[in-house]
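A.B. asks: Requesting a structural model of the entry that follows:
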Amino acid sequence: MFVEVYQLVGCNLHKIFDNRDSIEVRFYSQDEGGINIKLPGKLRLAGDFMLVFKHLGSYRFSPIELFRITFNTAFVGSDNALSFDRWSLSPENIQKEKSILTDDFKCQVLFSDYCKNS
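C.D. replies: Here you go, the predicted structure:
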């Protein structure tokens with residue numbers, strides 16, 4: 001699994017990061033309980049974003065989109081986290097596909113502080 005990060009600028013999406021060629025890209029099992037994908041520290045997020053989660057497919061040349069989430073960083077609370085359950089994912093058909101995602105599926109995006117309060 002790997003992730004692509006897009007930022008919305010005006011009406012256009014711009015890919016600002018992907019970890020497709022990272023050595024951390026691998027297959028995950030439901031038994032692992034969770035997946036941690038870290039974005040580089042130099043990536044500063046502010047505004048509207050879309051994270052697209054994909055897997056490489058059989059041949060690594062045809063990645064398959066699993067799901068995507070969209071958010072604005074203004075909604076990141078003091079806990080520096082955003083949580084998404086299967087009912088808040090796109091596309092909508094993924095919400096009904098129980099063979100892909102379990103009922104208790106959760107995607108949590110954790111942020112680090114960038115601007116420190118003085």
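
A.B. asks: Please make it C-alpha for all contacts and neighbour counts, starting now.
C.D. replies: Will do.

A.B. asks: you'd agree A74 is up against G47?
C.D. replies: Yes: using Cα atoms under 8 Å, A74 is in contact with G47, at 7.0 Å.

A.B. asks: which one of these two has more residues nearby?
C.D. replies: G47 (12 against 9; other Cα atoms under 10 Å).

A.B. asks: L56: what's it in contact with?
C.D. replies: M1, F2, S62, P63, I64 (Cα atoms under 8 Å, 6 or more residues apart in numbering).

A.B. asks: buried subset of the residues you listed?
C.D. replies: Neighbour counting over those (16 or more other Cα atoms under 10 Å) leaves M1, F2, P63 as the buried ones.

A.B. asks: Could you list which of the residues you listed belong to strands?
C.D. replies: Counting by DSSP state E, those place F2 in strands.

A.B. asks: want to try CSV for the buried ones among the contacts of L56, with distance to S22 and pLDDT as columns?
C.D. replies: Formatted as CSV, the buried ones among the contacts of L56 follow (distance: Cα to Cα, whole Å; pLDDT from 0 to 100):
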residue, distance to S22, pLDDT
M1, 10, 78
F2, 8, 83
P63, 14, 82
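
A.B. asks: just the buried ones among the contacts of L56 now: which is nearest V52?
C.D. replies: F2 (8.4 Å; Cα to Cα).

A.B. asks: Make sure that closest one is actually in contact with I64.
C.D. replies: No: in this structure, F2 is not within contact of I64 by Cα under 8 Å, at 10.2 Å.

A.B. asks: residue ranges for the strands of this structure, please.
C.D. replies: For the chain, applying DSSP E gives strands covering 2-9, 12-18, 48-55, 64-72, 81-85, 106-110.

A.B. asks: which one of these lies closest to E92?
C.D. replies: strand 64-72 (9.2 Å).

A.B. asks: By mean pLDDT, point me to the weakest helix or strand of this protein.
C.D. replies: helix 93-96 (a mean of 64; mean pLDDT, DSSP states H and E).

A.B. asks: just the contacts of L56 now: which is nearest F105?
C.D. replies: Nearest member of these to F105, counting by Cα to Cα, is M1, at 15.8 Å.

A.B. asks: Spit out the contact partners of the closest residue to that closest one other than its chain neighbours.
C.D. replies: Nearest residue to M1, sequence neighbours excluded (Cα to Cα, 6 or more residues apart in numbering): H55, at 4.3 Å. By Cα under 8 Å, 6+ apart, H55 lies in contact with M1, F2, P63, I64, E65, L66.
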